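[1] Below: sequence and its predicted model.
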Amino acid sequence: EPELDTGFAGQLFEHLWTMIGNRCPPTQSAAVLEDQIKERVDRVQAAVQAHLPERFADDSRVGAPDDLGVEEITVPDAHAVFAFVILAELPPVALVGQQRIALHFVAQVQTEAWLEQARTWIGDRLAEHGLTVDGEIEQTRVRPWSTQLVAPTADGPAWFKAGCPSMAFEPALHLALAELAPAEVDRPLGTDPGRGWILTRDRGQTLAATRPPTTVDWARVVRDSARLQRRLRDHRERLLATGLPDRPPASAPERFDTLLAGLRSLPPTHPSYLTGREEQAFAGRRGRVVEAAAAITEAGLPLSMQHGDLHPNNVLLVDDDLRVFDFGDALWGCALEVLRVPQAMIEEQPEVVADTVLEAYVEGWEGDLDLADVRRLWDDVSIVWAVGRAETWFGAVQDAPRASLADWGVAARHHLGWALGLE
């Protein structure tokens with residue numbers, strides 16, 4: 001890579017320092033970081049050139065590079081087809097020769113070692129509640145941002161979820177919400193915030209699984225969400241302490257700049273990569289982001305936790321009460337941003353009366369929110385929401401293998417471009 005010869009910019013240095021094996025502090029010089037990475041590159045390339053051609057000679061002995069959970073780059077040596085560059089040596093790993101290669105999240109959570117740790121942890125947490133595993137614990141879903149395991153018990157299935165690094169805050173957040181709002185959020189059976197693991201008991205079907213959501217259903221979902229937000233708005237510090245991203249409207253322009261730099265730094269083959277000309281086009285709309293952030297801030301719209309992915313598939317119907325779950329997309333910001341996903345889904349349901357749903361949300365704020373302000377500032381809210389949503393997607397797929405990027409890799413660019421009229 002050209003950066004290996006020219007050195008690293010300060011921003012890249014600040015971003016990468018926590019990933020380096022010996023955890024050197026950012027106060028050390030960029031030259032130290034550059035030397036460390038060069039040493040790793042040289043060491044791994046030497047191993048690749050010594051061992052990889054032999055391993056690829058027999059296709060039955062090794063899968064495609066994506067199966068190893070690493071990225072490929074070309075190297076001058078005609079006999080070395082791939083070189084693997086590691087910036088950290090974090091388990092679990094694959095071996096190329098004698099070198100340890102760190103796996104991305106999707107590969108990590110499918111290794112036998114990781115699955116064994118997860119299954120043991122699930123069994124231990126169930127035992128704390130007098131439950132035992134009654135059958136095989138199955139991994140039912142793997143995505144770049146999370147994986148799900150289901151453990152059968154005599155009381156029904158228990159649901160395990162592990163989040164990718166950018167969403168690893170969810171277990172701690174879920175636990176805090178269950179303590180602050182026990183009527184809306186169930187307490188989990190167990191959490192491991194350090195690993196981003198959470199285990200919850202089965203609470204029946206989601207609202208969406210019981211029937212196609214009606215206007216009444218949507219109104220109830222957003223009204224209850226508003227009431228929860230109203231209750232949580234005085235608990236900012238408690239929620240941010242869980243790792244919940246802090247994305248108030250006032251910071252949107254600065255976060256927009258950081259996001260553009262991140263998209264520009266992606267490999268050219270990444271679906272969200274921005275060319276220099278495209279980056280200029282996005283940057284040309286920065287003024288609109290500044291205007292939107294200023295309008296929301298000046299109007300004093302309430303700040304609170306917003307779920308980030310609120311819809312009937314993420315709401316459980318328990319004895320006619322609604323229980324919200326799946327907080328991996330949550331953030332602290334303008335409360336109205338929580339309506340953006342419902343609005344997009346309602347647009348696909350012509351039988352749902354959108355105005356009634358919007359009015360129900362305002363009712364949930366019990367006089368602390370004006371319907372006229374919501375209508376007047378909706379376009380501004382949508383722009384600020386798009387910046388935060390793009391950030392969430394950027395974190396969710398930045399470590400994704402190529403196969404996953406084909407499905408979700410463009411999401412960060414798409415959300416930002418859509419709001420700014422560039423997609």
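    That came through, no problem.
[2] Over to the closest residue to Asp202 other than its chain neighbours: give its phi and psi.
    Leaving aside its sequence neighbours, Asp202 sits nearest to Gly156 (Cβ to Cβ, 6 or more residues apart in numbering; 4.0 Å). Backbone N, C-alpha and C define where each C-beta goes, glycine included. The phi/psi pair for Gly156 (degrees, to the nearest 10) reads phi 100, psi 170.
[3] For Arg231, which non-adjacent residue is spatially closest?
    Ala181 (5.9 Å).
[4] What is the neighbour count of that neighbour?
    Ala181 has 15 neighbours, counted by other Cβ atoms under 10 Å.
[5] Pretty sure Val352 sits in a helix.
    No: the assignment for Val352 (DSSP: H, G, I helix; E, B strand; the rest coil) gives coil, which keeps it out of a helix.
[6] I'd like the distance between it and Ile346.
    5 Å (Cβ to Cβ, to the nearest Å).
[7] joint contacts of the two?
    Trp218 (Cβ atoms under 8 Å, 6 or more residues apart in numbering).
[8] Quick one: the helices in the stretch 101-250 of the chain, in order.
    105-108, 112-127, 170-180, 207-210, 215-232, 236-240 (DSSP state H, counting those that start in this stretch).
[9] of all the ones you listed, which lies closest to Gln148?
    Closest to Gln148 of the helices of the stretch 101-250 of the chain, according to Cβ to Cβ: helix 112-127, at 10.6 Å.
[10] Quick one: mean pLDDT over the closest one.
    Mean pLDDT, computed over helix 112-127, is 95.
[11] returning to that earlier point: contacting residues around the residue nearest to Arg231?
    So, once contact is read as Cβ under 8 Å, 6+ apart, Ala181 ends up touching Leu228, Arg231, Leu232.
[12] pretty sure the second one is touching Leu180, no?
    Yes: judged on Cβ atoms under 8 Å, Arg231 makes contact with Leu180 at a distance of 7.1 Å.
[13] Quick check: Asp379 is in a helix.
    Yes: under three-state DSSP, Asp379 sits within a helix.
[14] What's the local residue count around it?
    Neighbour tally, Asp379, other Cβ under 10 Å: 12.
[15] Okay, it and Arg288: tell me how far apart.
    9 Å.
[16] before we move on, back to that, how deep is the residue nearest to Asp202 tucked in, by neighbour count?
    13.
[17] now swap in Arg211 and tell me
    Using other Cβ under 10 Å, Arg211 has 11 neighbouring residues.
[18] Identify the residues contacting it.
    For Arg211, the contact set (Cβ under 8 Å, 6+ apart) comprises Asp217.
[19] Report the separation between it and Leu317.
    Counting by Cβ to Cβ, the gap from Arg211 to Leu317 is 10 Å.
[20] At which residues are the strands of the stretch 201-350 of the chain located?
    303-306, 315-318, 321-324, 331-334 (DSSP state E, counting those that start in this stretch).
[21] Give me the mean pLDDT for the third one.
    Across strand 321-324, the average pLDDT comes to 83.
[22] buried sites along that strand?
    Leu322, Arg323, Val324 (16 or more other Cβ atoms under 10 Å).
[23] who does that strand touch, helix- and strand-wise?
    If you count contacts as 3 or more Cβ pairs under 8 Å, 6 or more residues apart in numbering; DSSP states H and E, strand 321-324 packs onto helix 215-232, strand 315-318.
[24] That strand pairs with which strands, parallel or anti?
    As defined by DSSP bridges, the strand partners of strand 321-324 come to strand 315-318 (antiparallel).
[25] which parts of the partner strand are buried?
    For strand 315-318, by 16+ other Cβ under 10 Å, it's Val315, Leu316, Leu317.
[26] Between those, which sits nearest Ala400?
    So of those, ranked by how close each gets to Ala400 (Cβ to Cβ), first place is Val315, at 27.2 Å.
[27] related to what we said a few turns ago, identify whichever of the helices of the stretch 101-250 of the chain lies nearest to Ala403.
    helix 105-108 (8.6 Å).
[28] Distance from that closest one to the middle of the chain?
    Centroid separation for helix 105-108 versus its chain: 14 Å, with Cα atoms, centre = their mean, to the nearest Å.
[29] does Val374 sit in a helix, a strand or a coil?
    Val374 - assigned by three-state DSSP - is helix.
[30] now it: how far from Val150?
    40 Å.
[31] Per-residue pLDDT of the residue nearest to the spatial centre of the chain, please?
    The chain has Ala396 as the residue nearest its centroid, 3.7 Å off, counting by Cα atoms, centre = their mean. With respect to pLDDT, Ala396 scores 91.
[32] is it true that it touches Ala168?
    No: if you go by Cβ under 8 Å, Ala396 and Ala168 don't touch, sitting 11.5 Å apart.
[33] that older thread, so which of the helices of the stretch 101-250 of the chain comes closest to Thr356?
    Across these, closest to Thr356 is helix 215-232 (Cβ to Cβ), at 5.4 Å.
[34] Buried residues, the closest one. List them.
    Those buried within helix 215-232 under the rule 16+ other Cβ under 10 Å are 215, 217-232.
[35] Distance to Trp365 added to the helices of the stretch 101-250 of the chain, as TSV?
    Shown next, in TSV, are the helices of the stretch 101-250 of the chain (distance: least, Cβ to Cβ, whole Å):
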stretch	distance to Trp365
helix 105-108	37
helix 112-127	37
helix 170-180	18
helix 207-210	22
helix 215-232	5
helix 236-240	17
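[36] closest one to Gly163 among those?
    helix 170-180 (5.2 Å).
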